[in-house]
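[1] Pasted the sequence and its predicted model underneath.
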2 protein chains.
Amino acid sequence: MTKVTATSDSHLSGVAIWRRIADAVRLDIVGGKLARGDKLAGEMELAERFGANRHTVRRALQALAAEGVIRTEQGRGSFVDSAKRLSYPIGRRTRFSEGLAGQASELRRQVLGTRLENASASVAAALGLVSGAKVTRLDTVSLADGRPISRATSWVVYRDFPDFAARFAGEQSTTAVFAGLGVSDYVRASTRISARHADAEETALLKLAPGAILLVSEGVDADVNGRPILYGLSRFPADLMELVV
Amino acid sequence: MTKVTATSDSHLSGVAIWRRIADAVRLDIVGGKLARGDKLAGEMELAERFGANRHTVRRALQALAAEGVIRTEQGRGSFVDSAKRLSYPIGRRTRFSEGLAGQASELRRQVLGTRLENASASVAAALGLVSGAKVTRLDTVSLADGRPISRATSWVVYRDFPDFAARFAGEQSTTAVFAGLGVSDYVRASTRISARHADAEETALLKLAPGAILLVSEGVDADVNGRPILYGLSRFPADLMELVV
DNA sequence: TCAACTTGTCTAATGAACTAGACAACTTAG
DNA sequence: CTAAGTTGTCTAGTTCATTAGACAAGTTGA
């Protein structure tokens, strides 16, 4: 378990001690050191381990209980109440549902909306367009067993696929939509991965605790001729997901 | 620029408002929205944008100035004083120095130490050993232009490469060490990527602000026959680095 | 039943975080 | 030079984070 230097520099970090303790304990759980049903150390022992007060530890445990990660019972202790992280595979043939099959019993992609917009500098660069060119934007949230696990935004060149938005309403899968538009196959041309804190909108949509960390995956899909067809920006809660290359 | 809902839920997140503002502004800088030398919005405008007090914004800017990300001048404003994120390539032939060549003028790997230890459950599983088998552990910190950009730990099967630790003292590159041990080529068999907050030791070694986010890359290198030879765990400051697949 | 150990709840005190307002000091454009 | 706009620095008050100690309430095993 990771040690947190408590009192000395909590005011320098801007991150409350109870949150750092909660993060450390959650890491042991989603990282596999503690399995579902395991008993956590007692509040006194945790307080000593982190060099903090028992009340501070209690606040961390309350946050984890509110997230559904642990469950606390008076007189007995706290127990792990969640599973390991899901692994999202990334490769040349990244497909959403195939990769997670077997790790969750129910996968669903929910469309937040589509709209036509002018490509920003970064979107235009990724798709090989001039800045301001028309693109179709698709916003989605994906759920595994009812729990949100990713927030994705995709941009498609409007000139090449004017029907993209309309077709997506009927189909649930990007692969199927492109198949209907004459693109029988596509591959991931490049992927960039970074990490940051979730903003307010992401916190709400992904039902996260405020201040949660996101893994951000940014990539371009290209057809068999290497022409860019889709630019995607996916955000995964780092506590729930890991990316496997 | 990302909006932060300020007063309403700062106490629920455990992350101070000034830190969230600092993170949002830093994200605009390392993400490329603001270039070196650009002028930031004024303190009043930032305060309004984030729904916070000017004093709170000032604290965020002071933190960024202390990190060396911006520079503030009385009567004039604040200016960007740092460059974009470095991109670390990940693929079947991940090599440290090759990938970053051209992005920094000086790359250095510093050996913190080597030691013989018994494989933990996760290390044993990755290398295909029984738990407790002897492995050589190597701890390093890498620097680009004098700035720490990664903290890595590697484990090598002792039985297969008993001289690994000794040889690493002379050579600076893992590739060169394996070449001297008869492994002419090796490839990355698998990579898992996650993200979390830095702990106290990582914060110190990587010279980070407390509470910084790390990208964690975990992978196994295998020789041409597919036999695992090295298990590596690398941690990159998410503000300085992104991973490119 | 009893003793030891667990979590739950209360009071109290200190310091940091945040807000609010005012004014000084500096820079720039007119 | 002047006016407008910028950052720097005070004071003051409220809320939250953290510590400390004490005791209640539930669980477990001897």
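    Received it, and whenever you're ready, just let me know what you need. Numbers count the residues shown, from 1 in each chain, chains lettered A, B, ... in the order given.

[2] helix or strand right after the worst-scoring helix or strand of chain A on mean pLDDT?
    Least confident helix or strand of chain A, by mean pLDDT, DSSP states H and E, is helix A:10-13 with a mean of 60. Note on helix A:10-13: by DSSP states H and E, the next helix or strand toward the C-terminus is helix A:17-30.

[3] Run through who's touching that next one.
    If you take C-beta atoms under 8 Å, 6 or more residues apart in numbering or on different chains as the criterion, helix A:17-30 is touched by A:1-2, A:4, A:6-7, A:10, A:13, A:34, A:40, A:46, A:50, A:52, A:56-57, A:59-61, A:63-64, A:67, A:69-70, A:80, A:82, A:84-85, A:211, A:239-240, B:13-15, B:196-197, B:199, B:211. Every residue, glycine included, has its C-beta placed from N, CA and C.

[4] Also near DNA strand C: which of the residues you listed, exactly?
    Filtering these for proximity to DNA strand C (criterion: C-beta under 7 Å from any atom of the strand) leaves A:40, A:61.

[5] From A:Ala209, how far out is the residue lying closest to A:Asp139 once chain neighbours are set aside?
    Once flanking residues are discounted, A:Asp139 sits nearest to A:Leu112: 4.1 Å by C-beta to C-beta, 6 or more residues apart in numbering or on different chains. The gap separating A:Leu112 from A:Ala209 is 21 Å, by C-beta to C-beta, to the nearest Å.

[6] same question, A:Lys84
    19 Å.

[7] Please apply the same query to A:Ala47.
    Separation of A:Ala47 from A:Ala209 (C-beta to C-beta) stands at 21 Å.

[8] Next: A:Lys33.
    Taking C-beta to C-beta, one finds A:Lys33 at 20 Å from A:Ala209.

[9] more neighbours, the two?
    Neighbours per residue (other C-beta atoms under 10 Å in any protein chain shown) separate A:Lys33 from A:Ala209, with A:Ala209 holding more: 22 against 14.

[10] Wasn't the more buried one part of a strand?
    No. Secondary structure assignment (DSSP: H, G, I helix; E, B strand; the rest coil) places A:Ala209 in coil, not in a strand.

[11] That one contacts A:Gly68, doesn't it?
    No. Judged on C-beta atoms under 8 Å, A:Ala209 makes no contact with A:Gly68 at a distance of 10.3 Å.

[12] list the residues that contact both of the two?
    Counting by C-beta under 8 Å, 6+ apart, A:Ala209 and A:Gly68 have no common neighbour.

[13] quick one: low-confidence ranges for chain A?
    Within chain A, the ranges that satisfy pLDDT under 70 run A:1-12, A:97, A:170-172.

[14] can you give me the helices for it?
    A:10-13, A:17-30, A:43-50, A:54-67, A:96-100, A:121-127, A:164-170, A:174-180, A:200-205 (DSSP state H).

[15] Return the third one as CSV; C-alpha atoms alone will do.
    Same thing as helix A:43-50. C-alpha atoms of helix A:43-50 as CSV (Å, rounded to 0.1, in the frame of the first residue of the first chain):
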residue,chain,number,x,y,z
GLU,A,43,-9.4,2.4,10.7
MET,A,44,-6.8,2.7,13.5
GLU,A,45,-4.3,0.7,11.4
LEU,A,46,-4.9,2.7,8.3
ALA,A,47,-4.6,6.0,10.2
GLU,A,48,-1.2,4.9,11.5
ARG,A,49,-0.1,3.6,8.1
PHE,A,50,-1.0,7.0,6.4
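
[16] Measure how far that helix is from the centre of its chain, please.
    Helix A:43-50 sits 30 Å away from the centroid of its parent chain (C-alpha atoms, centre = their mean, to the nearest Å).

[17] Could you verify my assumption that A:Ile70 touches A:Leu40?
    Yes. Here A:Ile70 reaches A:Leu40: they are 6.6 Å apart, a contact under C-beta under 8 Å.

[18] Overlap in contacts, these two.
    Common contacts of A:Ile70 and A:Leu40 (C-beta under 8 Å, 6+ apart): A:25, A:61, A:78-80.
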